[in-house]
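J.: need a 3D model of the sequence below.
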Amino acid sequence: MKILAVGDLIGNAGIKELKKRLPDLRKNEKIDFIIVNGENSAEGMGLTQKNFDDILEENVDVITMGNHTWGKKDIFKFINHPKLIRPANYPKGVVGNGYNIYEFNNKKIAVINLLGRVDLNVLTENPFLRAKDIIYKIQNQVDIIVVDFHAEATAEKIAMGYYLDGKATIVYGTHTHVQTADEKLLPNGTAYITDIGMTGPKNSVIGMDINTSIKRFETTLPERYKIADGDCIFNGVIFEIDDSSNKVININRLNMC
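T.: Residues are numbered from 1 along each chain as shown. Below is the predicted model:
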């Protein structure tokens, strides 16, 4: 089995790049299951109904979110859709699902979304303890466990990888929009990468217009961000899983432009 995780979609540009790349990638790489981070789809913040529908048109299996989950009010119309998961460590009682279990070729695949707490300023529960609780609950019900850890700090992501080593099949980071070159199998077999990158404008500051971004840093004034123009990159990772052991046997990092 091959699972493709696609880095944060940045605005409509990112969605268009997904539509451009995914059909050939699915065919040529024989992709079985696709997870896309969609929390920046609505021009950098949140997810609208149209964004959601456009992504699902590509037969994506799961859309994960992050710190901009509630960026657009539209999301409350479809927050309980089975293909959409938001961070599991939002406080109890918050609408939506933090994880879900999917079936493919007689395999049960759990996908968990978590939100980091370092330098994100979002009120959440401890992602480590929440991950531990969920995995303890579902570990005997599923064959494969995938974790999208949407976090700012590399140290927090790396620590999560080792914390879940041997418990989760795959742990990967999202949010920073910069792909890291540290893909590896951890000592107890969990596949790990700190950040899978982004899918959006190539010549940009993490997807945003360069001049606008520089002005914000230069003046400290709250200049409104806007999505950059121009060609896009497609970032993601293909995890190949042995059907007998349910362990990852190969990690293929994608940086397409």
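
J.: give the next helix or strand downstream of the helix or strand where Asp24 lies.
T.: Assigned by DSSP states H and E, Asp24 belongs to helix 11-29. Helices and strands here follow DSSP H and E; after helix 11-29, the next one along the chain is strand 33-37.

J.: list the buried residues of the helix or strand following that next one.
T.: Next along the chain after strand 33-37, taking DSSP H and E as the criterion, comes helix 49-56. Buried residues in helix 49-56, counted by 16 or more other Cβ atoms under 10 Å: 51-52, 54-56. Heads up, the C-betas are built off the backbone N, CA and C, glycines and all.

J.: same check, this time on stretch 92-101
T.: 96, 98-100.

J.: name the residues that touch that stretch?
T.: Residues outside stretch 92-101 that contact it (Cβ atoms under 8 Å, 6 or more residues apart in numbering) are 62, 69, 76, 79-80, 82-90, 108-114, 125, 130, 134, 138, 141-142.

J.: got the CA coordinates for that stretch in CSV?
T.: Provided in CSV are the C-alpha atoms of stretch 92-101 (Å, rounded to 0.1, in the frame of the first residue of the first chain):
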residue,chain,number,x,y,z
LYS,A,92,-13.7,18.5,24.7
GLY,A,93,-17.1,19.4,23.3
VAL,A,94,-15.8,21.2,20.2
VAL,A,95,-17.6,20.2,17.0
GLY,A,96,-15.9,17.9,14.5
ASN,A,97,-13.8,14.8,14.6
GLY,A,98,-10.1,14.7,15.7
TYR,A,99,-9.6,11.4,14.0
ASN,A,100,-11.4,8.9,11.9
ILE,A,101,-11.0,5.3,10.7
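
J.: look up how far Ala228 lies from the most far-flung residue of the chain relative to its centre.
T.: Relative to the C-alpha centroid of the chain, counting by Cα atoms, centre = their mean, Thr219 is the outermost residue, at 31.9 Å. Note on Thr219: its distance to Ala228, by Cβ to Cβ, to the nearest Å, is 19 Å.

J.: what do you get for Thr48?
T.: 20 Å.

J.: more neighbours, the two?
T.: The neighbour count for Thr48 versus Ala228, taken as other Cβ atoms under 10 Å, is higher for Ala228 (24 against 18).

J.: does that one really touch Met198, like I thought?
T.: No. Here Ala228 does not reach Met198: they are 11.4 Å apart, not a contact under Cβ atoms under 8 Å.

J.: picking up where we left off before, redo the buried residues of helix 49-56 as a markdown table? Include distance to Ser213 and pLDDT.
T.: Output for the buried residues of helix 49-56, formatted as a markdown table (distance: Cβ to Cβ, whole Å; pLDDT from 0 to 100):
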| residue | distance to Ser213 | pLDDT |
| --- | --- | --- |
| Asn51 | 22 | 98 |
| Phe52 | 27 | 98 |
| Asp54 | 26 | 98 |
| Ile55 | 26 | 98 |
| Leu56 | 31 | 98 |
